[in-house]
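Q: I would like the atomic coordinates for the input below:
(one chain, ligands or ions: 1)
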Amino acid sequence: MAVHEILRMGDPRLLRRAEPVARTGTPELDALIRDLFDTMHAAGGAGLAAPQIGVNLRVVIFGTGEVLTRYPDAAPVPPTVLINPVLERLGQEQDEDWEGCLSVPGLRAIVPRYRALRYRGLDPSGQPIDRTVEGFHARVVQHECDHLDGMLYPMRVRDFSRFGFTDVLFPEGLKPSDD
Ligand code: NI
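A: Now for the predicted structure:
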C-alpha cells in the first residue's frame, strides 16, 4: 500500500499534457494503479488522475462505492481504471452541478459539463472499455480526463458567485465529495 501526496493547484505538474501509456500489463503500470486506488481511498475521493500524484501518464481511476452516500441522487459509477481515454460528447447539452477536487482542497464550484458522453480506453489488462454514459458518471469522467490535459475544474467555472469554501457553502448540509 502506498498512499502518495496529492499535488495541489499551483503545482506546475498539474498543468502538463500527460503522455499516453505505451504498454499495459507491466509491473510499473500495475503498481501505479494500486497506488492511485490507495491514495484515492485514503483521501475519500471519487476519482483520481495519475498527474495528481506526479505521474505524467494518461491514467485515471474513478468510482463511487461508499462515497455514494454523499451523492444520494447519483446512479452508481462502477470502480474503473481508464487508460489512454478518448472522450466524445453526445450532443451539446450541458448540466451544471457542484464539483470538488482533491487538488483543490476545501473548495467547491458549480461547473458546466456535457450531459452525455461516450468514452473509450483500455483497462489494466489492455481490454477495450467503451461506455455511453450521462449525468454524474459523465461528469466524473470529464473531470478526471481534464487532469490529463492540465485542466483543473476552476478553469471551467463560468459563474464565480458559485465558487467557494465547502464549509461556508454547505454549513450543515450534504457535502459533494472531492473528486
Ligand atoms: Ni480533480
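Q: Not counting its neighbours along the chain, what's nearest residue 160?
A: residue 109 (7.9 Å; CB to CB, 6 or more residues apart in numbering). C-beta coordinates here come from the backbone N, C-alpha and C atoms, glycine included.
Q: so how far is residue 98 from residue 170?
A: Using CB to CB, to the nearest Å, residue 170 is found at 9 Å from residue 98.
Q: from what I can see the residue nearest to residue 160 touches residue 101, true?
A: No. Between residue 109 and residue 101 there is no contact under CB atoms under 8 Å: 9.4 Å.
Q: picking that back up, for the residue nearest to residue 160, name its beta-bridge partners.
A: Note on residue 109: beta-bridge partners by DSSP bridges are residue 99, residue 163.
Q: Please say which of residue 109 and residue 101 ends up with more neighbours.
A: residue 101 (28 against 23; other CB atoms under 10 Å).
Q: Which helix or which strand is home to that one?
A: For residue 101, there is no enclosing helix or strand under DSSP states H and E.
Q: That one reaches residue 155, doesn't it?
A: No. Under the criterion of CB under 8 Å, residue 101 makes no contact with residue 155, lying 11.0 Å away.
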